[in-house]
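Q: turn this into a model:
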Amino acid sequence: CKLPSGNEISLFFYDGPASQAVAFEGLLNNGEAFADRLRGQFSDTEDRELVNIATDGESYGHHHRLGEMALSYCLNSLEQDEDINLTIYGEYLEKFPPQYEAQIIENTSWSCYHGVERWRS
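A: From the prediction side, this is the model:
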């Protein structure tokens, strides 16, 4: 995405329904279900895919008791899956540079349906 300054930033799009399930639908009640949900986001194609979610860190233990344990179980389970490689954005960008350009819609928020007014005011 080109920024007004002339610089560019790489953007990653998250899985909204899975993110909502973590935050509001009890997905952190079961680490195995959490791992299965993320596994289920991959298609059956041989194409390279990146599955990621966007959540508040407070979900893991503060808002959801023992949520950090569900996350730990989930990550361990995914790490054991030979068809899945856990990565970080920097490594992914190094291996697979962006192929498309996106535009940011100003004054929007992923986490709050009221938009950004809560933070602006």
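Q: buried residues of stretch 12-21, list them for me.
A: Using 16 or more other C-beta atoms under 10 Å as the burial criterion, the residues of stretch 12-21 that qualify are 15, 18, 19, 21. Where C-beta positions appear, they are placed from N, C-alpha and C, glycine not excepted.
Q: again, but for stretch 81-96
A: 84, 92.
Q: can you give me the helices for this protein?
A: If you assign secondary structure with DSSP state H, the helices in the chain sit at 16-24, 31-39, 67-80, 89-95, 117-120.
Q: turn those into CSV, columns for mean pLDDT and distance to residue 101.
A: CSV is the format used below for the helices of the chain (pLDDT from 0 to 100; distance: least, C-beta to C-beta, whole Å):
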stretch, mean pLDDT, distance to residue 101
helix 16-24, 92, 21
helix 31-39, 96, 27
helix 67-80, 95, 30
helix 89-95, 95, 15
helix 117-120, 72, 26
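Q: out of these, nearest to residue 102?
A: helix 89-95 (14.3 Å; C-beta to C-beta).
Q: what separation do you get for the residue lying closest to residue 81 once chain neighbours are set aside and residue 93?
A: Closest residue in space to residue 81, ignoring its immediate chain neighbours: residue 39 at 7.0 Å, by C-beta to C-beta, 6 or more residues apart in numbering. As judged by C-beta to C-beta, to the nearest Å, residue 39 and residue 93 stand 23 Å apart.
Q: Serialize the helices of the chain to a markdown table and add fields for distance to residue 57.
A: Compiled in a markdown table, the helices of the chain are given as follows (distance: least, C-beta to C-beta, whole Å):
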| stretch | distance to residue 57 |
| --- | --- |
| helix 16-24 | 11 |
| helix 31-39 | 16 |
| helix 67-80 | 10 |
| helix 89-95 | 16 |
| helix 117-120 | 17 |
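Q: so for residue 6, which of the ones you listed sits nearest?
A: When the helices of the chain are ranked by distance to residue 6, counting by C-beta to C-beta, first place goes to helix 89-95 at 19.6 Å.
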